[in-house]
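>>> I would like the atomic coordinates for the input below:
(2 chains)
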Amino acid sequence: MRLPPLLRLSPKWAPYVFISPFLILFGVFGVFPLCFSLYLAFQSWEPTGGLRAMEYVGLANFAFALKDDWFWMSLRNTLWLAIASGVPQHLVALPLAAFIHAAFKRLRDGVIAVYFLPYITSTVAIAIMFYSLFSQDYGMINAALAQWFGLPHTDWLTSAAHIKPAIAFIVFWRYVGFNTVLYLAAMQTIPGELYEAATLDGASRLRQFLHITLPGIRPMIFFGVTLSVIGGLQLFEEPFILTGGKGGPQQAAMTSAVYLFREAFDFNDFGGASAMSWLLFLVVALLTWITNLAFRTRRGAA
Amino acid sequence: MSAGAGTMRGVRSGSPTRRAVLAAGLGVTLAPPLRARPSRTLTVAAFPLVDQIVKDAAPAWAQRHPDVGLNAVMRQYDDHHTAMTTALSTSVYLPDVMALESSFVGKFSNGGGLSDLLQPRYDIGRHRARFVAYAYDQAINRKGQVVAAPTDIGPGTMLCRADLLERAGLAEADLQPSWDAYVDGGIRIRKATGAHLIGNVKTLKDIMIRSGLKPGQGLYFDSDSNVLVDTPRFHRAFELALRARRNGLDGRLATWSNEWAEAFRRGVTATELGGSWMVGQMANWVAPGTKGLWRAAQLPEGTFVSYGGTYYAIPRDSNPENKALAWELIEMMTLDRDRQLAALKTQDAFPALLAAQDDPFIEQPLPFLGGERARLLWREAARHISATAVHKQSNFAEDAVNAELDNVLDDGKDIRQALADAARLLELRARR
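Sure, this is the predicted structure:
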């Protein structure tokens, strides 16, 4: 059957038509908000007055953000959480992946699925579950600590000193499986002969891990760490839900992403929030660049 | 209104449980009445329980306008106000009538997105004397426009566990003379019964900073955007909150959290300060098992404060063809005595219409409060409350002050330093 000429797609246009769904969606939900937020960063806007209520203010929003104590506090909170949740993720995922790689053969997929499960579970479900686990008087975590170690009940979510570790733990728990999958996939690409040769030369398992496995999966470590840096600096859902969107006691769990959301929607300052989001972007770009520098293969090596 | 937990949003933890409870049993949208075949529809955007009140009014509306359907779109409290902010900012998907909690009326009032109800086509001014005075005044913006019509109010009240007070040899009246007497009473209750005076001392601070305000004065800023945080009003509230905390008088519980509710169920919290609607919340889901043990009384030190309330507004850019009908619906909901009483009877929404406050129903005893005729107290309180000017940065100010109170209570930060720091944060924003 042949289509009438009007409905026929000329080969000249076909590629563009086929790629257009993505381009349209990306334009609407990616490019437009990006440009609009850049535009907003230079405006003062009382949003409930409608679009016509915008007023150009130059760099005033950026100046305000840089002077705002809470912006800096939120950046410190973000860095704290990014380090406390990110570093252990990789320190645990690397040996864990090596162990799974070596110890499991037929069961490997099942074991890795268990570790991967938190990553694909809805953040809201996770946050609500931990909300009750961390409950001060009726939560299972405090009950277990009291039962096994005789520890007094800790106010995990209502004290500034405890809420950060609690959130860092949830983020760690959630992403350690994801990183393990990355590393396991990378380890499977390392030729088995290398290990056999090393074993013949009398290299211990630790030496094999340090001198074969780690260099072999270095690009994947770079990839995983980059994702952790970017994800950690944009941390939003877990602290937002666990603190009811308010930032927690003494705003100790208010990450930059939570703060700029609140700046816009709770405090009605879309201009200031947009300026902050671009400042945050600069921080993310800078730290990603530093990560890149740290992992760059030295000249002549590898 | 019970669903709008008041101007003191900071004390709401937004716990998932509460939202789930509020959502339970409430439909998401309300279909137009079945018997009429409306040719057009009036859309009302509302949050839980307000949507129910609108739904209950549908038959009465259908009698007036069989050809106009009524569609109440319900979203959860926070989601609703976020959605309204978005709708106003883009002028897209604006409802014909918008329900707003009182703190949001203040927040939206100066943006110009809401219709001025003083315009001749609405002329709300001629009804001014029929509303509770402060509720009407609260909707007046800086330009003198009235941007919303009040439908229900939340006069502040003190709830006490009569049995716990009795074991401590106290009566409600012993807590009332002053805020210091309230805290002293708390010390006796703690000694005699082991119960806490209150769930969180933050609630105590929240009410105290609202006491002694002159009509039209702002809570955190004056009319020239000068910061009022580093003042005796705040110092005293912080000092008393700290004294209560040091004496172990609060459960350190986040309001609306599971622990907070559980403490009421187990009878380990002796009093609560909140809007009159708190009684309905307590009776319905927080601690229904404690029915009959509670009493209501006026707040200590002759304090009269408003704890939220609900308004209806007409967006400036909503469908012009529906504006007359939208106003007619608002008139029906706010000025019709029967509708106001229906909302009181079914949803505990305390009427903003004075005529509805003279109904014998107001005098009926409340079983949850051991048969006390508490609505008379709230009617009296409503007549003493004055409107508070809401500054654009009020929400931020509330959070900044709360964070500094945490610093004082948890880390022993000096109160003068804490309030000076809060004032500095606010000064940076006061004129943004």
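>>> What part of chain A, helix or strand, is modelled with the least confidence?
Every helix and strand of chain A was ranked by mean pLDDT, DSSP states H and E. The lowest is helix A:123-133, at a mean of 88.
>>> Can you give the distance of it from its chain's centre?
Taking the mean C-alpha point of helix A:123-133 and that of its whole chain, the gap between them comes to 18 Å (Cα atoms, centre = their mean, to the nearest Å).
>>> Show me what from the stretch 1-150 of chain A comes close to chain B.
In this structure, the stretch 1-150 of chain A approaches chain B at residues A:44-51, A:53, A:64, A:67-70, A:128, A:131-132, A:135-138, judged by Cβ under 8 Å from any Cβ of the partner chain. (C-beta placed from N, C-alpha, C; glycine too.)
>>> Give the other helices and strands that the biggest helix by length in chain A contacts.
Among the segments of chain A that qualify as a helix by DSSP state H, the longest is helix A:69-103. In terms of contacts (3 or more Cβ pairs under 8 Å, 6 or more residues apart in numbering or on different chains; DSSP states H and E), helix A:69-103 is packed against helix A:108-120, helix A:160-187, helix A:218-233, helix A:256-265, helix A:270-295, helix B:415-429.
>>> Which one of those helices lies nearest to B:Ala287?
The closest of those to B:Ala287 is helix A:160-187. By Cβ to Cβ, the value is 27.0 Å.
>>> buried residues in that closest one?
Using 16 or more other Cβ atoms under 10 Å in any protein chain shown as the test for burial, helix A:160-187 gives A:160, A:162-164, A:166-172, A:174-184, A:186-187.
>>> Setting aside sequence neighbours, what's the nearest residue to B:Arg429?
Nearest non-adjacent residue to B:Arg429, counting by Cβ to Cβ, 6 or more residues apart in numbering or on different chains: B:Gln393, 5.0 Å away.
>>> I'd like to know how far the one you found sits from B:Arg295.
Between B:Gln393 and B:Arg295 the computed distance is 38 Å (Cβ to Cβ, to the nearest Å).
>>> who has more neighbours, those two?
For B:Gln393 and B:Arg295, the more surrounded residue by other Cβ atoms under 10 Å in any protein chain shown is B:Gln393, and the numbers stand at 24 against 21.
>>> correct me, but that one touches B:Glu427?
No: counting by Cβ atoms under 8 Å, no contact exists between B:Gln393 and B:Glu427, whose distance comes to 10.2 Å.
>>> sorry, back to before: other SSEs contacting the least confident helix or strand of chain A?
For helix A:123-133, the packing partners by 3+ Cβ pairs under 8 Å, 6+ apart come out as helix A:140-149, helix A:160-187, helix A:237-242.
>>> Serialize the ones you listed to JSON lines and add fields for mean pLDDT.
Rendered in JSON lines, the data for the helices and strands packed on helix A:123-133 read as follows (pLDDT from 0 to 100):
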{"stretch": "helix A:140-149", "mean pLDDT": "92"}
{"stretch": "helix A:160-187", "mean pLDDT": "94"}
{"stretch": "helix A:237-242", "mean pLDDT": "92"}
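>>> Show me the domain layout of chain B.
Domain ranges of chain B: B:9-153+B:307-368, B:155-306+B:388-429, per automatic domain parsing.
>>> Can you give me the buried ones in stretch A:266-282?
A:266-280.
>>> Then stretch A:222-231?
By neighbour count, with 16+ other Cβ under 10 Å as the criterion, the buried positions of stretch A:222-231 are A:Phe222, A:Gly224, A:Val225, A:Leu227, A:Ser228, A:Val229, A:Gly231.
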